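Asks: Curious how this folds, go ahead:
(chains A, B, C and D)
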Number of protein chains: 2
Amino acid sequence: MRRPRVTVIDIAQAAGVSKSTVSLVLQGSPLVKGTTRAKVVETMNELGYVYNRGAANLRQTGSKSGIVGVVVNDLTNGFFAELAVGVDMVVQSTGFVQFLSNTGESIDRQREVVASMREHGISGLLISPARATDAADFAPLIEAGIPVVVVVRSLPGGKLSSVVADNPNGVASAVRHLASLGHRRISFLGGFQDTAVFNERLSGYRAAVTAAGFGLDESLVVPAPPSRAGGADAIARALAADDRPTAAVCFNDAVAFGACDGLRARRLEPGRDFAIVGFDDVIEARTAVPALTTVSVDPQAMGRRAGQLLLKQIAAGRVSSEAITTSVRLVVRESCGAKQLAAHG
Amino acid sequence: MRRPRVTVIDIAQAAGVSKSTVSLVLQGSPLVKGTTRAKVVETMNELGYVYNRGAANLRQTGSKSGIVGVVVNDLTNGFFAELAVGVDMVVQSTGFVQFLSNTGESIDRQREVVASMREHGISGLLISPARATDAADFAPLIEAGIPVVVVVRSLPGGKLSSVVADNPNGVASAVRHLASLGHRRISFLGGFQDTAVFNERLSGYRAAVTAAGFGLDESLVVPAPPSRAGGADAIARALAADDRPTAAVCFNDAVAFGACDGLRARRLEPGRDFAIVGFDDVIEARTAVPALTTVSVDPQAMGRRAGQLLLKQIAAGRVSSEAITTSVRLVVRESCGAKQLAAHG
DNA sequence: CATAGATGTTGGAACGATCCAAATCAGTCA
DNA sequence: TGACTGATTTGGATCGTTCCAACATCTATG
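Replies: Sure thing, here's the model as predicted:
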């Protein structure tokens, strides 16, 4: 069963050349003659040769391992799955492979995973950090010349590159849209207060609300876990207030769906009796009933963007600190009531 | 910037021992004296040593790389994301790391990915194969002593191990449940006809329908892409027939959600006017409105199970062919109408 | 005809770990 | 004391590849 590995030396002997020549062929060097190359390639196929990247990697200076580490905090969230797929696309098209791991928001797990990836000699790391991650955790990596790109959640301090969505503008445009539909009391639902993303989105909310001339009422801001259940909970609390809001922009689509559930449970129809806007534009947003008006961030594109940035830095062989914010855009569907309004008007 | 790597030799010199001793410490060998070990460990921390698995792996016989390859066909599908998370749990708890890739149902991509993983020296492969994958594609792997476990979709032929859900029984129990609620014309919606999973589920449908004494009406079987859009399409076709069905079991939850959308578009309320049962029990099934009655397969548990099987085979150092079917269970919620019936009765 | 470039090819010496057989050390026993 | 024992430690040799400097071989030039 376990016959010995086929190595370059075996190939060399069978093809009647030296191992150096085989190596040259492997690297696609233009130095070898066409006929020689053909012969070598043929014997490789014949003997079923498989390249040993570990060995190659050992000799190669620095870490040209061809592996990039990708770490996300919650793979079961469609947003991150899409993101990972986007990264995979660009990473794979350049011959790299990705090493994807999930931390499930555990900072210990994250540390383990990153350490393990380092041992395996990743040439770069792309990470959506778990909550409460310290930027300093990645200092050893960049010190060793391994570029690190942080996605989705920005990490204050440290000279890391980052790719994040334009959160303030996204929420602000949602608020403006709701205001243009006549809403005056607009809630902001869901999200954990100790995250950078929450604060970015909240700042967009505040800016737009004050710009519209509505008073800033902090009771309209209802933090909650960024999940469907959290959304249902948040809308319940928002509706319990004396001076009810008539619309809400939600921390993300999961919260928005939860809010819709909560509305229905109270015999209120989202889009007709209450306006809901989400954030993310996950796949289901389009097909849900009612279709969700949401701020589209296109996670896959974001993943591609981040992947490109990382690969660029790997190619440059020098870690730099570049911050990209990807633009977002409001997608008007049904849950905000705009369509119904238009039909009546 | 790029200071030279810290190696075992550096550690050895700094700690005043030989590289062999350092190596022994690295492997946690009981041969080294406690005080020596402590000194070595300390200097490792001091100098910021990182283990080079590639180098170790080179010398080590066989492929004890500590990497397992995980390949799924559609990561954006929550089911597979959950599965991957389950695999990651067990894999990571034993010190392995996973190398996760997505094929997006492309068989070429799958080939590339698997080849790349081999080059990186994976010790085992866990794969949910893309459609129309040939079992023979994995022959080189198992010939080289690398265990392969196929999940979710079984692959006829070949001596691969597999972990699949008990599809026939799942669908059969759904059909029996609908029959017990009084339905006589029950549709089977969605799924690609050329997949093993479809045929397994369909066989369960047929068996249960004939066992219940209803005639087998092939027009009640409506294949469609296993997506939300496919579900909407399938229900439309099912309702267009003369002798309409009154209930449907769907290929998966995505199809079921799509079917619900389609019903609402026709002013039919799922659970009241038409009974819907899904398959998979994705996270949203619980929180959707109406909550989806579905066959629960617990993808995360399935992932864990598959991961354990793979690790077992890696540990045994001998590839064997073991087939596991994980049991499923019908979760009755609202979309089948059972709750409403009970309330009235 | 000698020489200088091109153009291909090649044998060692790395890379950073592990493994093995042999060496060293400290007790113990006769 | 000296042989014997078990516990620790240690130099190479080695894994499969790349890199480098040197070597052939061939062609064009003076």
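Asks: distance of residue A:266 from residue A:238?
Replies: With distances taken as C-beta to C-beta, to the nearest Å, residue A:266 is found 11 Å from residue A:238. All C-beta atoms are positioned from the backbone trio N, CA, C, and that covers glycine.
Asks: Strands of the stretch 51-200 of chain A, start to end?
Replies: A:67-72, A:97-102, A:124-127, A:148-151, A:161-165, A:186-189 (DSSP state E, counting those that start in this stretch).
Asks: Going along the chain, name the helices of chain A.
Replies: If DSSP state H is used as the criterion, the helices of chain A fall at A:8-15, A:19-26, A:34-47, A:53-59, A:78-93, A:107-119, A:139-143, A:167-180, A:196-211, A:228-240, A:253-265, A:284-287, A:299-316, A:338-344.
Asks: rank those by pLDDT, which is bottom?
Replies: Taking each of those in turn, the one with the lowest mean pLDDT is helix A:338-344, at a mean of 70.
Asks: thinking again about what came up before, between residue A:266 and residue A:238, which has more neighbouring residues?
Replies: residue A:238 (23 against 11; other C-beta atoms under 10 Å in any protein chain shown).
Asks: can you tell me how far the more buried one sits from DNA strand D?
Replies: Note on residue A:238: its distance to DNA strand D, by C-beta to the nearest atom of the strand, to the nearest Å, is 61 Å.
Asks: who does the closest residue in space to that residue that isn't next to it in sequence bridge with?
Replies: Ranked by C-beta to C-beta, 6 or more residues apart in numbering or on different chains and with sequence neighbours excluded, the top spatial neighbour of residue A:238 is residue A:187, at 4.8 Å. When assigned by DSSP bridges, residue A:187 has beta-bridge partners residue A:248.
Asks: Residue A:187: how many residues sit nearby?
Replies: As a burial measure, the neighbour count of residue A:187 was computed by other C-beta under 10 Å and equals 29.
Asks: That one and residue A:248 touch, don't they?
Replies: Yes - using C-beta atoms under 8 Å, residue A:187 is in contact with residue A:248, at 3.9 Å.
Asks: Per the annotation, how does chain A divide into domains?
Replies: Here chain A is described, according to automatic domain parsing, as comprising the domains A:8-51, A:67-164+A:299-327, A:167-298+A:330-344.
Asks: Can I get the ones you listed in CSV including distance to DNA strand C?
Replies: Compiled in CSV, those are given as follows (distance: least, C-beta to the nearest atom of the strand, whole Å):
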stretch, distance to DNA strand C
domain A:8-51, 3
domain A:67-164+A:299-327, 9
domain A:167-298+A:330-344, 36
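Asks: Show the contacting residues for the residue positioned nearest the centre of chain A.
Replies: Ranked by distance to the mean C-alpha position of chain A (C-alpha atoms, centre = their mean), the top residue is residue A:83 at 4.0 Å. If you count contacts by C-beta atoms under 8 Å, 6 or more residues apart in numbering or on different chains, residue A:83 has them with A:72, A:128, A:151-152, A:299-300, A:302-303, A:306.
Asks: what about 7 Å?
Replies: By C-beta atoms under 7 Å, 6 or more residues apart in numbering or on different chains, residue A:83 lies in contact with A:72, A:151, A:299-300, A:302-303.
Asks: Check residue A:190 too.
Replies: Applying C-beta under 7 Å, 6+ apart as the definition, the contact partners of residue A:190 turn out to be A:223-224, A:226, A:230-231, A:234, A:250-252, A:255.
Asks: can you pull up the bridge partners for the residue of the stretch 151-300 of chain A found nearest DNA strand D?
Replies: Proximity to DNA strand D, evaluated over the stretch 151-300 of chain A using C-beta to the nearest atom of the strand, is greatest for residue A:161 at 26.4 Å. Note on residue A:161: beta-bridge partners residue A:149, judged by DSSP bridges.
Asks: Count residues in the vicinity of it, would you?
Replies: Using other C-beta under 10 Å, residue A:161 has 22 neighbouring residues.
Asks: so it touches residue A:321, yeah?
Replies: Yes - using C-beta atoms under 7 Å, residue A:161 makes contact with residue A:321 at a distance of 5.6 Å.
Asks: what does the stretch 51-200 of chain A have sitting close to DNA strand D?
Replies: When proximity is defined as C-beta under 7 Å from any atom of the strand, the stretch 51-200 of chain A approaches DNA strand D at A:51-52, A:55-56, A:58-61.
Asks: Please identify the most buried of the helices of chain A.
Replies: Ranked by mean neighbour count, the helices of chain A are led by helix A:253-265 with a mean of 25 (mean count of other C-beta atoms under 10 Å in any protein chain shown).
Asks: check whether it contacts chain B.
Replies: Yes - Helix A:253-265 lies in contact with chain B when judged by C-beta under 7 Å from any C-beta of the partner chain; the contacting residues are A:258, A:261, A:264.
Asks: For the residue in the stretch 101-250 of chain A that DNA strand D sits nearest to, the count of nearby residues, please.
Replies: At 13.1 Å from DNA strand D, residue A:121 is the closest residue in the stretch 101-250 of chain A, using C-beta to the nearest atom of the strand. Other residues near residue A:121 come to 24 when the count uses other C-beta under 10 Å.
Asks: Skipping adjacent residues, who's closest to it in space?
Replies: Once its chain neighbours are removed from consideration, residue A:121 has its nearest residue in residue A:65; the separation is 4.2 Å (C-beta to C-beta, 6+ apart).
Asks: How about residue A:82?
Replies: According to C-beta to C-beta, 6+ apart, the nearest residue to residue A:82 is residue A:299 (4.0 Å).
Asks: quick one: contacts for the closest residue to residue A:260 other than its chain neighbours?
Replies: Ranked by C-beta to C-beta, 6+ apart and with sequence neighbours excluded, the top spatial neighbour of residue A:260 is residue A:270, at 4.4 Å. Counting by C-beta under 7 Å, 6+ apart, residue A:270 makes contact with A:260, A:263, A:276, A:290, A:335.
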